[in-house]
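Novice: please find the sequence and the predicted model below.
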Amino acid sequence: MKNYVDGGEAILEAFRKLKIDYILSSPGSEWSPVWEALVRQKLGNRNGPAYIDCWHETLAVNMATGYTLMTGRPQAVLVHAGVGLLQAGMGIHGALQAEVPMVVMSGESHTLGENPELDIEPQWYGGLSVGGTERFVDNITKWSRQVTSPHTLYETVIRAGEMAQRTPMGPIYLNVALEHMLHDWSPPANDRDVPFAPRVQAHPSEVEKVAGLLLKAKNPIVVAEHAGRDPAAFQALVELADLLAVPVTWGRAANYANFPTDHPLYLGVASYDHLKDADLILLVGGRAPWYPPHVRPGRGKIVAINDNQFKGHMIYQNLHADLYLEGDIAASLQALAQAARAAKVAADPVKKRREKWTAAHDTFVAGLKAEKVKARSGNGKAIDPLALVATLGEVMPADTIYVDETITHGQTLRQHLPFTAPQTFFRGFGGLGQGIGTALGIKLAARERPVALLVGDGGFLYNPVIQALGASKQHGLPILIVVFNNRKYLAMEKGHIHHYPDGAAESARMHLGSRLDGPDYDALGSHFGFHGERVVEPGKLKAALQTAMQKVQDGSTAILNVLLSR
Ligand SMILES: Cc1ncc(C[n+]2csc(CCOP(=O)(O)OP(=O)(O)O)c2C)c(N)n1
């Protein structure tokens with residue numbers, strides 16, 4: 001056996017130095033140098049990243065995204081040439097929007113059989129090498145380039161991993177020539193352990209300004225849009241809110257659990273009516289908080305607290321910020337809490353405020369309860385979406401991680417499911433079809449916690465379902481999949497009626513682009529021995545969910561196909 005020390009080893013060594021846990025890959029013939037290095041790693045009992053083969057590139061990227069959302073640590077994704085990269089594109093675009101760091105690589109040949117000393121396979125000449133695959137993903141990555149030579153390969157990969165973690169975090173793409181990977185490589189004489197990106201904190205003078213406003217405010221309120229992605233920020237927000245009795249509403253486009261839904265200062269999702277009388281609004285992790293964007297939510301000053309305020313991937317934003325607190329969100333919130341503690345705030349106004357908002361919380365919760373009762377007391381023939389959400393809330397364990405890929409049911413489940421701890425709710429960015437992969441990546445990072453994907457029937461069909469179920473089986477990642485099956489792309493119908501309320505389609509009840517005669521979703525797992533059940537009757541829902549959860553706890557993915565009234 002010959003031990004090659006080549007570009008493949010350089011890449012794997014760079015991944016080891018970046019403390020990458022997983023290489024998620026969908027194969028291509030450029031990757032034999034890395035596979036050689038991985039086998040050498042295994043035979044030599046060396047520590048290093050584990051290799052996960054995926055049957056689809058979107059799945060590979062989505063699993064990396066899910067894993068990083070849970071752990072905060074970037075992973076590596078290897079796909080094939082330009083073609084695999086294009087398949088990966090949906091996931092890469094989602095990772096850019098979600099600001100998830102990762103290193104994505106694919107390769108092509110530069111010599112194309114013209115170097116008599118290097119026998120490159122003919123497929124590269126046939127169209128696989130396009131001459132600059134990085135152009136395919138230039139505007140859906142944070143940075144994308146060719147690796148310039150075998151001599152720069154190692155440090156380029158290290159730099160990509162380091163750059164991906166910097167604000168704004170995002171996917172970095174490297175196009176690496178097969179020839180560079182086959183080339184001899186000399187490990188650097190002075191290699192180093194690569195540190196994770198440090199936390200970058202707002203300047204104390206800025207904290208002081210905002211703390212001054214907060215301590216003076218009589219009626220402050222927090223709008224938390226993406227604050228809870230970092231569990232430390234979730235906790236820091238609870239601490240700050242508690243300290244000063246500041247109520248919290250999740251933002252209208254919250255993609256993470258931002259504040260415990262059972263906290264007496266929690267006011268719900270997008271409960272913006274309360275903002276009208278606020279004299280200070282702390283917008284934490286804001287991206288697209290107000291709609292329409294030009295409408296300011298109240299007269300109070302708005303302080304935007306975020307690490308990356310202006311999203312390059314968005315065409316337009318209007319945050320209405322009067323002040324900014326920039327840098328790590330958790331650090332900013334902790335600094336504000338520290339300032340509040342040091343100021344020794346008068347107890348009486350805080351007590352009064354707490355009473356007022358606790359009463360508002362109780363009223364809000366009573367309203368939710370009444371809505372649930374109503375949804376369950378329908379005509380008993382069909383399952384109301386809210387009845388499904390209510391049953392999930394009752395049956396699922398408190399530490400369940402929900403991944404949401406529903407459309408018209410999204411607001412209902414955000415409002416009604418209990419999210420009492422950080423990292424209990426994730427909604428992806430970008431196009432439909434990424435939910436199962438994200439859920440599997442989350443499960444890979446949190447094997448001890450139940451993971452439930454909630455997905456519309458339309459959304460489900462955009463996913464690489466068979467490939468994802470295969471990954472679940474192969475890598476021991478059991479999840480619960482609940483299909484919110486209304487036999488429609490309902491959003492399309494609603495959108496059509498919105499613009500043409502009295503048009504031809506609505507008059508004839510002929511909505512093109514909305515009908516969906518899907519397969520038996522519950523049967524799709526049978527190829528892998530997975531449990532599945534179709535649920536039609538409201539009275540059978542709870543037992544079906546309990547059985548499905550038991551199957552998941554026993555190690556099998558389960559698909560509940562729930563037929564809904566709307
Ligand atoms: C990849 C991709 N293609 C198309 C769309 C457009 N789209 C947005 S919502 C939607 C309908 C989804 O249907 P379903 O998941 O059943 O949810 P419902 O509208 O019925 O609530 C479609 C097709 C999209 N978001 N992503």
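Specialist: In hand now; what should we look at?
Novice: what does this protein put close to the ligand?
Specialist: Taking CB under 6 Å from any ligand atom, the part of the chain that reaches the ligand is made up of 407-409, 431-433, 456-459, 462, 486, 488-492. Just so you know, the C-beta spots here come from the backbone N, C-alpha and C atoms, and that holds for glycine as well.
Novice: the same query, at a cut-off of 8 Å, please.
Specialist: 90, 405-410, 430-433, 455-460, 462, 484-486, 488-494, 513, 516 (CB under 8 Å from any ligand atom).
Novice: just those residues: which are in strands?
Specialist: Using DSSP state E, the members of these that fall within strands are 405, 455-456, 484-485.
Novice: nearest to the ligand among those residues?
Specialist: For these, the closest approach to the ligand (CB to the nearest ligand atom) belongs to Gly456, at 2.2 Å.
Novice: how near is that closest one to Gly437?
Specialist: Applying CB to CB, to the nearest Å, one obtains 16 Å for the distance of Gly456 from Gly437.
Novice: neighbour count for the two, which is higher?
Specialist: Legend: neighbour count by other CB atoms under 10 Å for Gly456 and Gly437, higher for Gly437 (33 against 27).
Novice: the more buried one and Asn62 touch, don't they?
Specialist: Yes. Applying CB atoms under 8 Å, one finds Gly437 in contact with Asn62, separated by 2.6 Å.
Novice: what touches both of the two?
Specialist: Common contact partners of Gly437 and Asn62 (CB atoms under 8 Å, 6 or more residues apart in numbering): Gly91.
Novice: next one, pLDDT for the residue nearest to the spatial centre of the chain please.
Specialist: With distances taken as CA atoms, centre = their mean, Gly428 lies nearest the centre of the chain, 4.2 Å away. On pLDDT, Gly428 comes in at 94.
Novice: where's it relative to Leu440, distance?
Specialist: Counting by CB to CB - Gly428 and Leu440 are separated by 12 Å.
Novice: what touches both of the two?
Specialist: Common neighbours of Gly428 and Leu440 (CB under 8 Å, 6+ apart) are Asn62.
Novice: contacts only, for Phe484.
Specialist: Phe484 neighbours (CB under 8 Å, 6+ apart): 385, 388, 406, 409, 454-457, 562, 564.
Novice: please redo it, this time with the cut-off set to 6 Å
Specialist: With contacts defined as CB atoms under 6 Å, 6 or more residues apart in numbering, Phe484 is in contact with 406, 409, 456, 564.
Novice: picking up where we left off before, who's in contact with the residue nearest to the centre of the chain?
Specialist: 94, 434, 438.
Novice: what's in contact with the helix or strand hosting the last one?
Specialist: Mapping Thr438 onto the secondary structure by DSSP states H and E places it in helix 435-445. By CB under 6 Å, 6+ apart, the surrounding residues in contact with helix 435-445 are 59, 62-63, 65-67, 70-71, 401, 403, 405, 428, 451, 453, 455, 463, 468, 471, 477, 479.
Novice: give me the buried subset of those residues.
Specialist: 59, 62-63, 65-67, 70, 401, 403, 405, 428, 451, 453, 455, 463, 468, 471, 477, 479 (16 or more other CB atoms under 10 Å).
Novice: next up, the contacts around the residue lying closest to Phe419 once chain neighbours are set aside.
Specialist: Among residues not flanking Phe419 along the chain, Ala257 sits closest, at 4.0 Å (CB to CB, 6 or more residues apart in numbering). By CB under 6 Å, 6+ apart, Ala257 lies in contact with 228, 419, 424-425.
Novice: do that again at 10 Å, thanks
Specialist: 224, 227-229, 231, 234, 250, 401-402, 414, 417-426 (CB atoms under 10 Å, 6 or more residues apart in numbering).
Novice: Asn255 now?
Specialist: Counted by CB under 10 Å, 6+ apart, Asn255 has contacts 69, 97-98, 225-226, 228-229, 285, 287, 404, 414, 425-429.
Novice: which stretches in the stretch 1-150 of the chain count as helices?
Specialist: Assigned by DSSP state H, counting those that start in this stretch, the helices in the stretch 1-150 of the chain fall at 7-17, 32-43, 57-71, 81-98.
Novice: what are the buried residues along the last one?
Specialist: Residues of helix 81-98 classed as buried under the neighbour-count rule (16+ other CB under 10 Å) are 81-98.
Novice: before we move on, what about stretch 314-321?
Specialist: 319-321.
Novice: using a markdown table, please lay out those residues together with distance to Tyr154, secondary structure and pLDDT.
Specialist: Below are those laid out as a markdown table (distance: CB to CB, whole Å; DSSP: H, G, I helix; E, B strand; the rest coil; pLDDT from 0 to 100):
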| residue | distance to Tyr154 | secondary structure | pLDDT |
| --- | --- | --- | --- |
| Leu319 | 41 | coil | 98 |
| His320 | 46 | coil | 98 |
| Ala321 | 42 | coil | 98 |
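Novice: of all those residues, which comes closest to the ligand?
Specialist: Looking across these and measuring by CB to the nearest ligand atom, the closest to the ligand is Leu319, at 24.7 Å.
Novice: measure the nearest residue to the closest one once chain neighbours are set aside to Asp277 for me?
Specialist: Excluding the flanking residues, the one nearest Leu319 by CB to CB, 6+ apart is Ala304, at 5.2 Å. From Ala304 across to Asp277, the span is 20 Å (CB to CB).
Novice: more neighbours: the two, which one.
Specialist: The neighbour count for Ala304 versus Asp277, taken as other CB under 10 Å, is higher for Ala304 (22 against 12).
Novice: what's around Glu394, how many residues?
Specialist: 11.
Novice: ditto for Gly312
Specialist: For Gly312, using other CB under 10 Å, the count is 10.
Novice: repeat for Ala270
Specialist: There are 20 residues near Ala270, going by other CB under 10 Å.
Novice: what's the closest non-adjacent residue to Pro264?
Specialist: Pro264 sits nearest to Thr358 (CB to CB, 6+ apart), 4.2 Å away.
Novice: is the one you found in a helix, a strand, or coil?
Specialist: helix (DSSP: H, G, I helix; E, B strand; the rest coil).
Novice: give the contact list for it.
Specialist: Per CB under 10 Å, 6+ apart, neighbours of Thr358: 245, 247, 263-266.
Novice: in contact with the residue of the stretch 101-250 of the chain at minimum distance from the ligand, which residues?
Specialist: Using CB to the nearest ligand atom, Ile140 is the residue of the stretch 101-250 of the chain that sits closest to the ligand, at 13.7 Å. For Ile140, the contact set (CB under 10 Å, 6+ apart) comprises 88-97, 170-171, 173, 313, 430.
Novice: out of the residues you listed, what pair is the most spread apart?
Specialist: Based on CB to CB, the longest span within the contacts of Ile140 runs between Ala88 and His313 and measures 16.7 Å.
Novice: which residue packs closest to Trp357, ignoring adjacent ones?
Specialist: Pro247 (4.2 Å).
Novice: the one you found contacts Asp273, doesn't it?
Specialist: No. Using CB atoms under 10 Å, Pro247 makes no contact with Asp273, being 11.9 Å away.
Novice: who has more neighbours, those two?
Specialist: The residue with more neighbours, out of Pro247 and Asp273, is Pro247; 26 against 11, by other CB under 10 Å.
Novice: OK, contacts around that one?
Specialist: 219-222, 241, 259, 263-268, 271, 274, 278, 353-354, 356-358, 360-361.
Novice: how about 7 Å then?
Specialist: Counting by CB atoms under 7 Å, 6 or more residues apart in numbering, Pro247 touches 221, 265, 267, 274, 357, 360.
Novice: which residue packs closest to the third one, ignoring adjacent ones?
Specialist: Leaving aside its sequence neighbours, Leu267 sits nearest to Thr249 (CB to CB, 6+ apart; 4.4 Å).
Novice: mind giving me the packing neighbours of the strand or helix carrying that neighbour?
Specialist: Applying DSSP H and E as the criterion places Thr249 in strand 248-250. Using 3 or more CB pairs under 7 Å, 6 or more residues apart in numbering; DSSP states H and E as the contact test, the elements touching strand 248-250 are strand 220-224, strand 266-269.
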